[in-house]
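> all I have is the shape, not the residue letters:
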């Protein structure tokens with residue numbers, strides 16, 4: 001029996017969950033779905049400048065898992081950009097971080113809490 005999947009810790013859900021070309025009708029053939037945990041790896045590594053090891057610690061998963069998630073996410077971004085497909089962010093095995101600065105090292109949790 002396989003080991004159960006471990007939920008990945010994410011700081012917050014994206015403010016927008018659909019991206020893509022504005023002049024294309026949306027149908028099921030032109031939609032790529034990125035999971036919330038894939039979005040979080042892109043955010044942490046590419047936007048926040050985390051290493052894969054730091055990202056793994058932040059998300060409370062193994063570095064090799066982060067590497068796989070990151071590779072899938074980059075492939076989906078590339079397909080959306082190159083082929084003009086709509087990218088939708090939804091689903092995945094994740095839990096929202098509720099540490100609000102205690103063990104969250106990205107600082108985003110604190111900013112989101114202060115903005116509310």
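Sure thing, it's come through. Remember, predicted model here, so these are calculated numbers, not experimental data. Numbering: from 1, shown residues only.

> helix/strand/coil for residue 77?
helix (DSSP: H, G, I helix; E, B strand; the rest coil).

> OK, contacts around it?
Applying C-beta atoms under 8 Å, 6 or more residues apart in numbering to residue 77 gives the contacts 34, 42, 87. In this view, the C-beta of every residue, glycine as well, is placed from N, C-alpha and C.

> quick check: the last one is in a strand.
Just to be clear, that refers to residue 87. Yes. Assessed by three-state DSSP, residue 87 belongs to a strand.

> would you agree it is in contact with residue 75?
No. Contact criterion C-beta atoms under 8 Å: residue 87 and residue 75 do not qualify, at 11.7 Å.

> who's more crowded, the two?
Taking neighbours as other C-beta atoms under 10 Å, residue 87 and residue 75 compare with residue 87 leading, 18 against 13.

> for the residue nearest to the more buried one when sequence neighbours are not counted, give me phi and psi.
Take residue 87 and drop its neighbours on the chain: the residue closest to it by C-beta to C-beta, 6 or more residues apart in numbering is residue 80, 4.1 Å away. Torsion angles at residue 80 (phi, psi; degrees, to the nearest 10) stand at phi -60, psi -50.

> I figured residue 80 hits residue 89, correct?
No. Look at residue 80 against residue 89 with C-beta under 8 Å: they stay out of range, at 10.9 Å.
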